[in-house]
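Trainee: I'll drop the sequence and a predicted model, then ask my questions.
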Amino acid sequence: MKAIIVDDEPRAIELIRSYLIHFPQVELAATFRNGLKAAEFCTQENVDLVFLDINMPYLSGMALSRILGKDIRVVFTTAYSEYAVESYEVEARDYLLKPISLERFTQTMLKILAPRNETLLPEKKPLFIKSGTRVYRVKTDDILYLEKDGNYMTYYLENQKILARESISEALQALPEAFFQIHKSYIINRDKIVFVDKDTVCVAGITLPVGNTYREFVKKIYL
C-alpha cells in the first residue's frame, strides 16, 4: 500500500512518518506541505492512502479530498473537531484529532489494513470511561448517546448513566466511527437511531435536537 502525507507543519509530517514505521505494509511514497503539489502527484502516481491536514495554503485538505480518486483512502489529521461533519460527507476513512497518539493511529491503521473478509470491527472493542475514582469498562454497542454539560460528559447506556470529565473532542477521539456529533451538546450512536427529521433525532425513544451547524449533514445523510 502506497501512502503520502500532506500537512503544512513539518513536525506533524515527521510524527506520522515515525508512526508508519510500525506498519511495513505501507510504503511512504512522498510528503507535501501544500495541497496543489499533492494533487499533482496523485494524478501521476498510484496512491492508496493519504494522511491529509485540513487547514493548508493554496488548496485545503477538504477541497483536495473531493478531487482525489474514489479508490484513494483519506485519513484527515487536524487540530479542529468542527470539520468532522464534512469528513463524513467525503467518506473519509477516519478523522484524527491532533495531537495524535500512537494508540489512536494504530486503531486507524488496523481498520484500513484489515482484509475485507475479516471482521475486525473497532466498534466491538470495549471503551474505558474514567468517572471519579472509578474506570468503567463499557461495550460501545450499549451506548445510546452522550450529552455535554460544562466540563462533563454523560454517557447514556441501556441501563445506566456514566459521568466523565472530558470534552466533546476527547469523547469523539475515543469512540468508534458509528458515533457522530449532531449538536454542540450531543453525540449519538448511529446504530441506535429510531427516526430523523429536520430538527431532531430520536435515539432509543429519546428525542434530541439537531444543531444548526449539523443540520445540513443530518439532512443529506438521512432525509
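Mentor: Structure received. No experiment lies behind these values; they were computed from the predicted model shown. Residues are numbered from 1 along each chain as shown.
Trainee: drop to CA atoms for contacts and neighbour counts, all remaining ones
Mentor: Will do.
Trainee: Quick check: phi and psi at the nearest residue to Val47 once chain neighbours are set aside.
Mentor: Using C-alpha to C-alpha, 6 or more residues apart in numbering and skipping the chain neighbours, the partner closest in space to Val47 is Lys2 (5.3 Å). Torsion angles at Lys2 (phi, psi; degrees, to the nearest 10) stand at phi -100, psi 130.
Trainee: Identify the bridge partners of Val50.
Mentor: Under DSSP bridges, the beta-bridge partners of Val50 are Ile4, Val74.
Trainee: quick revisit: just checking, the residue nearest to Val47 touches Phe51?
Mentor: No. Applying C-alpha atoms under 8 Å as the test, Lys2 and Phe51 come out as separate, 11.3 Å apart.
Trainee: quick one on the thing from earlier: from Val74, how far out is the residue nearest to Val47?
Mentor: For Lys2, the distance to Val74 (C-alpha to C-alpha, to the nearest Å) stands at 12 Å.
Trainee: Tell me which residue is most central in this structure.
Mentor: Tyr95 (3.0 Å; C-alpha atoms, centre = their mean).
Trainee: what is that one paired to in the beta sheet?
Mentor: For Tyr95, the beta-bridge partners are Phe76 (DSSP bridges).
Trainee: Let the chain start at 51 from now.
Mentor: Done: numbering now begins at 51, and the last item shifts to Tyr145.
Trainee: Sketch out the low-pLDDT regions of this structure for me.
Mentor: 131-140, 165-174, 270-273 (pLDDT under 70).
Trainee: one step back: quick check on Lys52 and Val124: which one has the bigger neighbour count.
Mentor: Taking other C-alpha atoms under 10 Å, Lys52 and Val124 do not tie; Val124 has more neighbours (23 against 16).
Trainee: dump the residue contacts of that one.
Mentor: 99-102, 115, 142-144 (C-alpha atoms under 8 Å, 6 or more residues apart in numbering).
Trainee: Now for Lys52 and Val124: what residues contact both?
Mentor: Joint contacts of Lys52 and Val124 (C-alpha under 8 Å, 6+ apart) are Leu99.
Trainee: if we can go back for a sec, any chance of JSON lines for the contacts of Val124, columns neighbour count?
Mentor: Output for the contacts of Val124, formatted as JSON lines (neighbours: other C-alpha atoms under 10 Å):
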{"residue": "Leu99", "neighbour count": "21"}
{"residue": "Val100", "neighbour count": "25"}
{"residue": "Phe101", "neighbour count": "22"}
{"residue": "Leu102", "neighbour count": "28"}
{"residue": "Ser115", "neighbour count": "24"}
{"residue": "Ala142", "neighbour count": "18"}
{"residue": "Arg143", "neighbour count": "20"}
{"residue": "Asp144", "neighbour count": "23"}
